[in-house]
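# Just to be clear, the model below is a prediction. Sequence and coordinates:
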Amino acid sequence: MLPVNQFVNFIEQNSLFTPSTKILAAVSGGIDSVLMVHLLKAAGYDFGIAHCNFQLRGDEALRDQAFCRDLATTLGAPFHTVNFNTEQYAAENKISIQMAARDLRYQWFDNINQQSGYEVVALAHHQNDTIETILLNLTRGTGIAGLHGILPKNGKLVRPLLFLTRAGIQTIVTAEGLTFVEDSSNVSAKYARNKIRLEVVPKLKELNPSLEKTFENNLLHFRDLELLLEIKLDEIRQTLLQIRDGVTYLHIAEVKKLNPIRLLLFKLLEEYGFNDATIDDLIASLDKHAGRVFESGTHTLFLDRDNIILKPKTTAPHAEVIINATDHEANFGVYKLNLLHDDSPLIIKDNPLAASIDADKLIYPLRVRTWHEGDHFFPLGMKGKKKLSDFFINQKVPLHQKEEIPVLVNGNGEIMWIGGYRPDERYKVSDNTKKVTIFELFKLT
């Protein structure tokens, strides 16, 4: 007899969906998904069947597709199917066949949901899939999230068979005389998951015949621990993370109070793409390496004197801007630069966002760019030349702001002004100046 009551109870206990929910059931034709749709039918849920042909198994794949079409007809369910050129997609995107199939599958599910009004996608994972996922995560390396296995609900993805083991499914399907198709790739140990299922799990069951039940209990503990950690992290985020103008600051003195620092700092920075190795390096640098820079795929992390500074990577560095003699304004990053040509030798004082330059010394075209390693200039009011890197240190310019500073360069390659900080001594207005050009910065945001 089909375990309809257990099925419905599991769905209700985990709030997977309601009797009025329109469900898209992902069906391969294998034993697990076949049982799932028979249970959906017996419980009276509104569902359609979706089947993907990844065109990787020739005639066998066509057989599975035809089987699922007939199954949908038998159950009176709408049928959706698609053929994918999985190998081509994998090659074009430089990913594995498995990842390509996964991407194509879920993209297609989203399209069907939008077109046909399905609210959730039901997947036929069971308890043994969860065990295999945890073991696979542990093999590859994982945090606490990797220990909770497959969740009953993740967004619009629901898994109503997680109350059953693989052996339990086989017993039910045999007793009910349900037909299904076998995927020959499931018995190949060349795939990591299959290797775990076929070779590792049987060995573990020799040590613990009640492996599924043990893992089920462990999962409850892991999920509770994960929830407790998230509560703690939310508290830390509210007090430790300070966000100003899209830049996140973590005060180093407070970071060093975190306990356990490695776990909590990793969880705080994980969403920005930083891994365990980077966190270890960062912690080791907190007391002695101000100036270190760490990068992920999406963010740059600067270790400043008092703060860890986290900033999203710009899509591209600021392009160099060319200024011709007839130009009166230019845009550079978050700044607008205005040019005013005046016949009187006007000197701008006490305004770091403006500079008076002797116009007769200008060689057009001028350039505005970011600073380069090795740049130097002769700071106004100081003797001799100075490297920009040293100047920024003396001015206590935060590391993450250096790339935003406009550097005005003359046509002969000499730096005339560090925008917002200091003009060059060689281009100052003097008693011999006849005409002046005033450069003034305005922040756009």
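Looks like it arrived, so ask away.
# Please identify the pairing partners of whichever helix or strand Val82 is part of and their relative orientation?
Element membership of Val82 [criterion: DSSP states H and E] is strand 79-83. According to DSSP bridges, strand 79-83 forms sheet pairs with strand 46-53 (parallel).
# what comes into contact with the partner strand?
Under the contact criterion CB atoms under 8 Å, 6 or more residues apart in numbering, strand 46-53 has outside partners 20-29, 37, 40-41, 61-62, 64-65, 68-69, 71-72, 75, 77-84, 101, 104-105, 108-109, 112, 116, 118, 121-122. C-beta: built from backbone N, CA, C; applies to glycine.
# now Gln65: how far from Ser185?
Distance of Gln65 to Ser185, computed by CB to CB, to the nearest Å: 15 Å.
# Have a look at these two and say which one is more surrounded.
Set Gln65 next to Ser185 and count neighbours by other CB atoms under 10 Å: Gln65 wins out with 20 against 12.
# can you tell me the helix or strand for the more buried one?
helix 59-75.
# That helix vs strand 79-83, what angle?
Using axes from the mean of the first three to the mean of the last three CA atoms, to 10 degrees, one finds that helix 59-75 and strand 79-83 are set 170 degrees apart in direction.
# Tell me who's in contact with Thr130.
Contact analysis of Thr130 by CB under 8 Å, 6+ apart lists Gly149, Ile150, Leu162, Phe215, Leu219.
# could you dump the residues you listed to CSV with secondary structure?
Output for those, formatted as CSV (DSSP: H, G, I helix; E, B strand; the rest coil):
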residue, secondary structure
Gly149, coil
Ile150, coil
Leu162, coil
Phe215, helix
Leu219, helix
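# Which PyMOL command selects the buried ones in those?
Typed into PyMOL, the next command selects the buried ones out of the contacts of Thr130 (criterion: 16 or more other CB atoms under 10 Å):
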select buried, resi 149+150+162+215+219
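# which other residues reach the helix holding Gln65?
27-29, 34, 37-38, 41, 48-49, 51, 53-55, 57, 78-79, 81, 180-181, 183-184.
# repeat that for 7 Å
Applying CB atoms under 7 Å, 6 or more residues apart in numbering, the external contacts of helix 59-75 come out as 27-29, 34, 37, 41, 49, 51, 53-55, 79, 81, 181, 184.
# what do you get for stretch 99-111?
Residues outside stretch 99-111 that contact it (CB under 7 Å, 6+ apart): Leu24, Ala50, Cys52, Phe54, Val82, Phe84, Thr86, Tyr89, Ala90, Asn93, Val121.
# List the contacts of Glu265.
No, residue 265 isn't Glu; it's Leu. By CB under 7 Å, 6+ apart, the contact set of Leu265 is Val255, Leu258, Ile279, Ile283.
# thought the second one was touching Phe266?
No. Under the criterion of CB atoms under 7 Å, Leu258 is not in contact with Phe266, lying 10.4 Å apart.
# Who has more neighbours out of those two?
Between Leu258 and Phe266, Phe266 has the larger neighbour count (other CB under 10 Å), namely 19 against 16.
# What backbone torsions are found at the more buried one?
Here the main-chain torsion angles of Phe266 (degrees, to the nearest 10) amount to phi -60, psi -50.
# Neighbours of the residue nearest to it when sequence neighbours are not counted, how many?
Of all residues beyond its chain neighbours, the one nearest Phe266 is Ile279 (4.7 Å), with distances taken as CB to CB, 6 or more residues apart in numbering. Around Ile279 there are 21 other residues, counting by other CB under 10 Å.
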